[in-house]
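Novice: sequence plus the predicted model coming up.
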Amino acid sequence: MTAKRTFGNLFLSIGAMKAGTTWLYSVLARHPELHFAMEKEIHYFNHRYVDDTLLSEERRLHEARERYLWRFDPKTANIDAIRQNLHWVAAYLDRPVDDFWYRNLFQLRKFQTYACDFSNLNAHLPVEAWPAIASKCDTLRVLFTMRDPVKRLWSHTKFHLQVTGELDKLDSWSRPEFEAFVRQPHIWNNGEYGAVLRRLSKGLAREQYKAIFYEDLHDNQRGGLRDIEGFLGIAPFEYPQAALDRRITESKKREMPDFFADLVSDDIARIRKEVEDEGYVLPLSWG
């Protein structure tokens, strides 16, 4: 019998922020062949290859306190659910943070085909990380989701200011202030689609990664989901319509200023060309 590799079958979604990955997660989490840990975005590979402070003990303790060690009513709680929750938290707080730590976050997986991790920060991994990850998987599948770069950037701007309680800046910022904000690496780099596609194509075999467009997926949700299932090699699943209709983590409805697209027009033209140069046909709605 052939020994399994460290990560077994691993499905990574690395879609750009505000490109529909949370919706995709909420839908695909219903598929019986896909197993998700308690945390949608573990960020382990970014921690290992880009920023080794992401999963520091202090950060993990903070996340455990704020998000995972939830209170429960002993009269109504399910003891098995609570036990599994505490079991996962113990694994999350374990040390050292290495490949075996990451693998153990999926130890509650039973007969599902894939362990799944939807971390957008993995889009920023260097080229050399991808073959290293693939070598530790029986099967690796990586999904990258892109959205109209101007609309994605505007949505990301609104969402960030909403989370930080600074939405009023949308009404007061000048053109230079908007541009200074969107050019920050933690905002801007999420839209460098060409760079991500080049790193994937250099680091992985063609069957190991797939790039899709947010607009195409939502124009034909069930068709798009079937396409993803085919990419993963898993059986089709009939997702409830209510799950497809649900909208998650939407930012506030605010009109984009007329000048916003002009601030980044040269770079957007470059990014569009880079995506096309990788062999992709842009959605008509990208203009």
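Specialist: Sure, I can see it.
Novice: please count neighbours and contacts with C-alpha atoms only from this point.
Specialist: Noted.
Novice: how far away is residue 146 from residue 275?
Specialist: Per CA to CA, to the nearest Å, residue 146 is found 10 Å from residue 275.
Novice: between these two, who's got more neighbours?
Specialist: Between residue 146 and residue 275, counting by other CA atoms under 10 Å, residue 146 is the more crowded of the two (26 against 20).
Novice: list the contacts of the more buried one.
Specialist: Applying CA atoms under 8 Å, 6 or more residues apart in numbering to residue 146 gives the contacts 15, 16, 19, 193, 211, 212, 213, 214.
Novice: show me the contacts for the fourth one.
Specialist: For residue 193, the residues meeting the contact criterion (CA under 8 Å, 6+ apart) are 146, 271, 274, 275.
Novice: in space, what's closest to residue 38 - neighbours in sequence excluded?
Specialist: Computed as CA to CA, 6 or more residues apart in numbering, the closest residue to residue 38 that is not its neighbour in sequence is residue 88, at 7.4 Å.
Novice: now do residue 190
Specialist: Among residues not flanking residue 190 along the chain, residue 16 sits closest, at 5.4 Å (CA to CA, 6+ apart).
Novice: thought that neighbour was touching residue 120?
Specialist: Yes: contact status for residue 16 versus residue 120: in contact at 5.8 Å, counting by CA atoms under 8 Å.
Novice: of the two, which one has the most company?
Specialist: Neighbours were counted for residue 16 and for residue 120 using other CA under 10 Å; residue 16 has more, 28 against 23.
Novice: so who does that one touch?
Specialist: 120, 123, 144, 145, 146, 147, 190, 191.
Novice: now do residue 30
Specialist: residue 239.
Novice: wasn't it part of a strand?
Specialist: No: with DSSP: H, G, I helix; E, B strand; the rest coil as the criterion, residue 30 is coil rather than part of a strand.
Novice: just for the stretch 51-200 of the chain, where's the confidence low?
Specialist: Counting by pLDDT under 70, the stretch 51-200 of the chain contains no low-confidence residues.
Novice: how about the helices in it?
Specialist: Along the stretch 51-200 of the chain, the stretches classed as helices by DSSP state H, counting those that start in this stretch are 57-63, 79-92, 99-104, 129-134, 149-163, 169-172, 175-182, 185-188, 193-203.
Novice: residue 153 contacts residue 182, doesn't it?
Specialist: Yes: between residue 153 and residue 182 there is a contact under CA under 8 Å: 7.3 Å.
Novice: hey, what's in contact with both of these two?
Specialist: Common neighbours of residue 153 and residue 182 (CA under 8 Å, 6+ apart) are residue 188.
Novice: neighbour-wise, which of these two wins?
Specialist: residue 153 (23 against 18).
Novice: report the contact partners of that one.
Specialist: Going by CA under 8 Å, 6+ apart, the list of residues near residue 153 reads 182, 187, 188, 191.
Novice: of the residues you listed, buried ones?
Specialist: Those of the contacts of residue 153 that meet the buried threshold are 182, 191, by 16 or more other CA atoms under 10 Å.
Novice: of the contacts of residue 153, just say which sits nearest to residue 204.
Specialist: Within the contacts of residue 153, proximity to residue 204 (CA to CA) peaks at residue 191, which comes in at 20.7 Å.
Novice: now the closest one: how far from residue 257?
Specialist: 19 Å.
Novice: not counting its neighbours along the chain, what's nearest residue 170?
Specialist: Nearest residue to residue 170 in three dimensions, chain neighbours excluded: residue 158, at 7.8 Å (CA to CA, 6+ apart).
Novice: that neighbour: neighbouring residues, count only.
Specialist: Every residue meeting other CA under 10 Å relative to residue 158 is counted, giving 22.
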